[in-house]
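1. Quick one, structure for this:
(2 chains)
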2 protein chains.
Amino acid sequence: MSTQFSSFQPPIRTLMGPGPSDVHPRILEATSRSTIGHLDPEFIRMMDEVKVMLQQAFLTNNALTMPISAPGSAGMEACFVNLVEAGDKVIVCRNGVFGERMRHNVERCGATAIMVDDEWGNPVDPTKVEDALKAHPDTKIVAFVHAETSTGALSDAKTLCALAQQYNCLSIVDAVTSFAGCELRVDDWGIDAIYSGSQKCLSCLPGISPVSFSEKATEVIANRKTPVQSWFLDMSLIMGYWGSSNNAGKKRSYHHTAPVNSLYALHESLVMLHEEGLENTWKRHHDTHLLLRAGLEELGFEYIGQNGARLNQLNAVKVPEGVDEAAMRSALLNEYNLEIGGGLGALAGKVVRIGLMGHSARKENVALCLAALKDVIK
Amino acid sequence: MSTQFSSFQPPIRTLMGPGPSDVHPRILEATSRSTIGHLDPEFIRMMDEVKVMLQQAFLTNNALTMPISAPGSAGMEACFVNLVEAGDKVIVCRNGVFGERMRHNVERCGATAIMVDDEWGNPVDPTKVEDALKAHPDTKIVAFVHAETSTGALSDAKTLCALAQQYNCLSIVDAVTSFAGCELRVDDWGIDAIYSGSQKCLSCLPGISPVSFSEKATEVIANRKTPVQSWFLDMSLIMGYWGSSNNAGKKRSYHHTAPVNSLYALHESLVMLHEEGLENTWKRHHDTHLLLRAGLEELGFEYIGQNGARLNQLNAVKVPEGVDEAAMRSALLNEYNLEIGGGLGALAGKVVRIGLMGHSARKENVALCLAALKDVIK
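-> A predicted model of the protein is given here:
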């Protein structure tokens, strides 16, 4: 071992990109608490609290509600590999990067993805989805992204899930960016499978993906013809460790080693959400968005996408004429320690994405962001 | 939200089970440092250091060496889903719980597992492996567990990998418990794919799985006939984010959001390994094992398995006649805040597993463990 290495001391940034968002010091402190075993009775007790708090945050009574021990992309995969089997048909709505990722998931299950496309920046059009459902009556699942992190578009999850139910389909909803940042009602809206990420509006550390499955979805998993192609993400095995109403009172069995300290952090973030109140949290995101929006428009930034279908927590705006997008973001990072996001895919270089998620959704962050932007684009 | 929830304050335990092991305060502190973006230039620089330090710890020059953003079970799955395709034949050595898990992985890839069984507690018998290789000349991969966490058996990875090479097979090695705890030489021994966990002899937080693939394995991945069934674990996508010699100098592209703070912890644990020196770390595990072993034998605990093929870092011993295994472990936990492990699978209730991994491999831990055991079995 020749090269010398030393501890990594990260710079102190303000995180206003598409996630991770600013992590509250309480959550950072929680993650550094002393590690205990993943089968310790005290840890199991904490897991039970995490499950209940997740149910409350998802507004669901789903017994199968728990965090997947990996990032949101793994949460997405958990929903698809458990519900989709080879030969199935899945309607996938694509209005940004994450709809396309859903397609890859479907196809890697050996299933067929029926794509319903909307322009990037726009929400999913329910009329097109209904047309696809009529054209493909053997569809098993409708999958869509509630809050497209790549464009800032908010789709009408309630209407889309009602459509899925009307045509006897299950729904899979990507709530990575919407969860805890805007209205989301799993039971009221009839969502069958949903996944999110810890690092967005929960303001927790990145690396964990809360998921929830309805009773109907749980039955579909129980009645699969083939084993789930992923051992790590097989919900029938994971629920043996996390517990569900199906095994209440039974001993928890070892599946994988849970990311103990990351779950301390998730627990703390849910306690904080609980303290603030879910609807207050939604309102805070909205209020902060209005402030940012007014300031951005004053600076000459124009939002992409449709009026009325824009997210509070992810603001995708066009880069003003004559401004070099990459140089602008570098200046924000280097001069102000402020991170905002670039465009993804087709929008790379054309838009920036400003996140107001969780602890980042504060007036002081908006003030800093607007002042810094004003300086670097002058 | 009716029930009241409050911050979780874990008890302070001494962790001498099969993992997680005691986490050094330096690592706990590192994980609580301020979160930065997963594409921040400073974070990318840290990632590069993690890669180099992992190469040094694996004793490999493999360009495709990086941590998977999920626990060891996902590291196992990453090795199998990337290298195995439907219709392949894989020889799987089974001498404990984790060989059986490998079989599940192989079969979920649509491949055939040729099982080579050895008694639980014993190492893998190379003669049986060679017989299987002769009987199945179309075998693609030989897979085995270097250090069986469920039994404490150490298998001869060098000989087994040489056999795989001799018969033109790739090797997949489970090094979850061996990595950084005993001799392990990826390049010298010709290992093609290897995975470990952060929460064992690295003494890091649970949740991350270091992996490494040889050039030969990387070529096999590049020349697959079918896509990898997991999007999240597809190495050809992951290396776009983590970088490899194949894309040196290229811009890192977004794949998933890395578990930023868990990687701070991994970085710190590797810096500490670097400071102590790899061979010194192996020796510390061995020296501590000798101390524990003498004490356990004096107390009447008998090791399972073959003399000469036992791990330093995981001591599986029979519960003395007349002692209730579960009651003994509960007493250790409740009276001494000391966690040791129970038996898994066929060994449940019959053995206990005492870990001496990473920061747990210290004289003070041995002294505490022996004194506490002496008290609770009296």
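
2. just the strands in the stretch 51-200 of chain A please.
-> Taking DSSP state E, counting those that start in this stretch, the strands of the stretch 51-200 of chain A run over residues A:64-68, A:89-94, A:112-117, A:141-145, A:147-148, A:153-154, A:170-174, A:193-195.

3. Let me know which of those strands is the nearest to chain B.
-> strand A:64-68 (8.8 Å; Cβ to the nearest Cβ). Every residue, glycine included, has its C-beta placed from N, CA and C.

4. for the closest one, the distance to its chain's centre please.
-> Offset of strand A:64-68 from its chain centre (Cα atoms, centre = their mean, to the nearest Å): 14 Å.

5. That one pairs with which strands, and in what direction?
-> strand A:209-213 (antiparallel) (DSSP bridges).

6. Quick check: mean pLDDT of the strand it pairs with?
-> Strand A:209-213 shows a mean pLDDT of 98.

7. Equivalent analysis for stretch A:342-361, please.
-> Stretch A:342-361 comes out at a mean pLDDT of 95.

8. and if you look at stretch A:122-140?
-> 98.

9. Quick one: residues in contact with it.
-> A:83-84, A:88-91, A:93, A:95, A:114, A:116-118, A:142, A:144-145, A:153-156, A:159-160, A:163-164, A:166-167, A:169-170, A:305-306, A:309 (Cβ atoms under 8 Å, 6 or more residues apart in numbering or on different chains).

10. Which secondary structure elements does the lowest-mean-pLDDT helix or strand in chain A sit against?
-> Lowest on mean pLDDT, DSSP states H and E among the helices and strands of chain A sits helix A:235-242, with a mean of 91. Packing contacts for helix A:235-242, counted by 3 or more Cβ pairs under 8 Å, 6 or more residues apart in numbering or on different chains; DSSP states H and E, involve strand A:64-68, helix A:215-222.

11. Just the CA trace of that helix, in PDB.
-> In PDB, the C-alpha atoms belonging to helix A:235-242 read as follows (Å, rounded to 0.1, in the frame of the first residue of the first chain):
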ATOM      1  CA  MET A 235     -41.000  -9.600  -1.200                       C
ATOM      2  CA  SER A 236     -42.200 -13.000   0.000                       C
ATOM      3  CA  LEU A 237     -38.700 -13.500   1.600                       C
ATOM      4  CA  ILE A 238     -38.300  -9.900   2.800                       C
ATOM      5  CA  MET A 239     -41.600  -9.900   4.600                       C
ATOM      6  CA  GLY A 240     -40.300 -12.800   6.700                       C
ATOM      7  CA  TYR A 241     -37.700 -10.400   8.100                       C
ATOM      8  CA  TRP A 242     -39.800  -7.200   8.200                       C
END
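
12. Now that helix: buried residues?
-> In terms of neighbour count (16 or more other Cβ atoms under 10 Å in any protein chain shown), helix A:235-242 has its buried residues at A:235-242.

13. can you list the domains in chain A?
-> Following automatic domain parsing, one gets these domains for chain A: A:14-20+A:278-376, A:25-274.

14. List of residues touching the helix or strand harbouring residue A:340?
-> Assigned by DSSP states H and E, residue A:340 falls within strand A:338-342. Strand A:338-342 has contacts (Cβ under 8 Å, 6+ apart) with A:13-18, A:325-326, A:329, A:332-333, A:348-349, A:351-355, A:368-369, A:372, B:36-37, B:40.

15. which element follows it toward the C-terminus?
-> strand A:351-355.

16. From chain B, how far out is the spatially most central residue of chain A?
-> Ranked by distance to the mean C-alpha position of chain A (Cα atoms, centre = their mean), the top residue is residue A:176 at 0.7 Å. Noted for residue A:176: a distance of 9 Å to chain B, by Cβ to the nearest Cβ, to the nearest Å.

17. nearest residue to residue A:108 other than its sequence neighbours?
-> In space, and not counting its chain neighbours, residue A:108 is closest to residue B:229: 5.3 Å by Cβ to Cβ, 6 or more residues apart in numbering or on different chains.

18. tally of neighbours for that neighbour?
-> 24 (other Cβ atoms under 10 Å in any protein chain shown).

19. Same question for the one 5 residues further on.
-> Close neighbours of residue B:234, defined as other Cβ under 10 Å, add up to 21.

20. Would you list the phi and psi of it?
-> Backbone geometry at residue B:234, expressed as degrees, to the nearest 10, gives phi -70, psi 110.

21. quick one: contacts for it?
-> B:81-82, B:227-228.

22. is it true that residue A:44 touches residue A:251?
-> No: distance between residue A:44 and residue A:251: 9.7 Å, which falls outside the contact criterion (Cβ atoms under 8 Å).

23. Compare neighbour counts for those two and give me the winner.
-> Remark: of residue A:44 and residue A:251, residue A:44 carries more neighbours, 16 against 9, as counted by other Cβ under 10 Å.

24. so what's the more buried one scoring on pLDDT?
-> Value for residue A:44, per-residue pLDDT: 95.

25. what's the answer for residue A:8, then?
-> Reported pLDDT for residue A:8: 98.

26. Just to check, it is in contact with residue B:269?
-> No: using Cβ under 8 Å, residue A:8 is not in contact with residue B:269; the gap is 11.5 Å.

27. now residue A:114, nearest residue through space, not along the chain?
-> That would be residue A:91: by Cβ to Cβ, 6+ apart, it lies 4.8 Å from residue A:114.

28. How many neighbouring residues does the one you found have?
-> Residue A:91 has 28 nearby residues by other Cβ under 10 Å.

29. residues in contact with stretch A:209-216?
-> So stretch A:209-216 is contacted by A:54-55, A:57-58, A:60, A:62-68, A:70-76, A:78-79, A:82, A:170, A:179, A:186, A:190-198, A:221, A:235, A:266 (Cβ under 8 Å, 6+ apart).

30. any weak-confidence spans in the stretch 101-250 of chain A?
-> A:244-250 (pLDDT under 70).

31. Pick out the residue of it closest to chain B.
-> For the stretch 101-250 of chain A, Cβ to the nearest Cβ, closest residue to chain B: residue A:207, 3.0 Å.

32. That residue against residue A:198, yeah?
-> Yes: if you go by Cβ under 8 Å, residue A:207 and residue A:198 touch, sitting 6.4 Å apart.

33. Need the residues touching each of these two.
-> Joint contacts of residue A:207 and residue A:198 (Cβ under 8 Å, 6+ apart) are residue A:262.

34. returning to what we had before: who are the contact partners of the residue nearest to residue A:114?
-> Counting by Cβ under 8 Å, 6+ apart, residue A:91 touches A:113-114, A:116, A:129, A:132-133, A:136, A:139, A:141-143, A:169.

35. Ok, residue A:42 next?
-> Per Cβ under 8 Å, 6+ apart, neighbours of residue A:42: A:36, B:10-11.

36. List buried residues within the contacts of stretch A:122-140.
-> A:83-84, A:88-91, A:93, A:95, A:114, A:116, A:118, A:142, A:144-145, A:153-156, A:160, A:163-164, A:167, A:169-170, A:305, A:309.

37. just to revisit the earlier point, need the domains of chain A in CSV (columns: distance to residue B:338).
-> Output for the domains of chain A, formatted as CSV (distance: least, Cβ to Cβ, whole Å):
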stretch, distance to residue B:338
domain A:14-20+A:278-376, 36
domain A:25-274, 11
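
38. re the thing from before, could you export the contacts of residue A:42 as CSV, including secondary structure?
-> Putting the contacts of residue A:42 into CSV (DSSP: H, G, I helix; E, B strand; the rest coil) gives the following:
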residue, secondary structure
A:36, coil
B:10, coil
B:11, coil
